[in-house]
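> missing the sequence, but the structure's below:
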């Protein structure tokens, strides 16, 4: 059974919060909140945390989430809105994602099973799922909070991250995907690898977020419905060809992301001064063929002095973005090539069909 109730908390449990009064919806923070028969306490898959949920008034975008855990205070109260913005009242910092999908019957049971699988994944390059809520029609996922935000903000912000930082982030993402594909108890295909779904901890280590959500969001879809998940610019060609979806879609997306990390720019830049540079995957392959890889990192002194690694990263990326998915490497092979454990063979043209059309 994927969801069990915390045995030490009664249904009449009071959630005590800090005493300075704040009004949120129709509930005053600083008063007590009772869990009744319609709002059972529930625990995380790991058993480390227990949660309580309370809807505020008729506005479904406002709710209270209570969290009990072992390490810091006994009781913590957080309220968030439907956009996932949280206000921490005291104690543990968390991030909350609200799923806008309804599941019933068999799909509801599968939802709990899948969330349980996600909750049991433990890897230093994954964002940890602390728990989930399935109170009535509410579907909430509670994650650990990471202070340095997304890779997108870090990579495409005003200051260029160092070459060493970018290479370490690439290694971390590769290892996290390898774990999801081959090392956790149930294989997980992410389906939406992009800079916005990579978070950075206090030491700027890469942590993959939102893994496992693709299957959760498709539980209410027909199995014959080829609903495309992912983000434009990172989506593998097989999504559009009614082909079976495998871990190779993540490999493709990682290849695009690896080029972004290498060049410190977005995969699509329609405002580029040169049309040939607008699509990063095309430009990178052209530079590789013409042996002008220095152009990809022309404003990066550290990368300019490490062109051997730049070439290795670009070669691996080209293998990852092969249109023919059978040519794409596994994430284990990708990790070995990135780390220099094995030699990277010369990659073929990633889009042979387009080039011969």
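Arrived safely. Predicted model, so just to flag it, every value in this text is computed and none were measured.

> can you list the buried residues in stretch 290-307?
Within stretch 290-307, the residues that qualify as buried are 293, 296-297, 300, 303, 306, counting by 16 or more other Cβ atoms under 10 Å. To be clear about C-beta, it is placed using only N, CA and C from the backbone, and glycine gets the same treatment.

> how about stretch 320-330?
Of the residues in stretch 320-330, those buried under the neighbour-count criterion (16+ other Cβ under 10 Å) are 320-323, 325, 328-329.

> same list, those residues, but as CSV with secondary structure, distance to residue 283 and pLDDT please.
Rendered in CSV, the data for those read as follows (DSSP: H, G, I helix; E, B strand; the rest coil; distance: Cβ to Cβ, whole Å; pLDDT from 0 to 100):
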residue, secondary structure, distance to residue 283, pLDDT
320, helix, 16, 98
321, coil, 13, 98
322, coil, 17, 97
323, coil, 17, 95
325, helix, 23, 94
328, coil, 20, 98
329, coil, 22, 98
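
> which residues of the stretch 151-300 of the chain fall in helices?
Taking DSSP state H, counting those that start in this stretch, the helices of the stretch 151-300 of the chain run over residues 151-155, 163-178, 213-217, 248-263, 280-289.

> the ones you listed: which one's closest to residue 336?
Set against residue 336 and scored by Cβ to Cβ, the helices of the stretch 151-300 of the chain come closest in helix 163-178, at 9.5 Å.

> can you give me the angle that closest one makes with helix 248-263?
Taking axes from the mean of the first three to the mean of the last three Cα atoms, to 10 degrees, helix 163-178 and helix 248-263 form an angle of 170 degrees between their directions.

> quick check: mean pLDDT of helix 163-178?
Model confidence over helix 163-178 averages 98 on the pLDDT scale.

> so what touches it?
Under the criterion Cβ atoms under 8 Å, 6 or more residues apart in numbering, residues 123-126, 151, 155, 161, 190, 193, 198, 200, 204-208, 250-251, 254, 257-258, 261-262, 264, 297, 300, 302-303, 306, 309, 313, 331-332, 334-335, 338-339 lie in contact with helix 163-178.

> how does it look with 7 Å?
Helix 163-178 is touched from outside by 123, 125-126, 151, 198, 204-206, 208, 250, 254, 257-258, 261, 264, 300, 302-303, 306, 309, 313, 331-332, 334-335, 338-339, with contacts defined as Cβ atoms under 7 Å, 6 or more residues apart in numbering.

> check stretch 334-343 too.
Counting by Cβ under 7 Å, 6+ apart, residues outside stretch 334-343 touching it are 170-171, 174-175, 178, 251, 254, 313, 316, 320, 344.

> columns distance to residue 274 on top of those residues, output as TSV?
Listed next are those as TSV, based on distance: Cβ to Cβ, whole Å:
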residue	distance to residue 274
170	25
171	31
174	30
175	35
178	36
251	29
254	26
313	22
316	25
320	24
344	27
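
> highest neighbour count among the residues you listed?
Neighbours here mean other Cβ atoms under 10 Å. Within those, the largest count is held by residue 320, at 30 neighbours.
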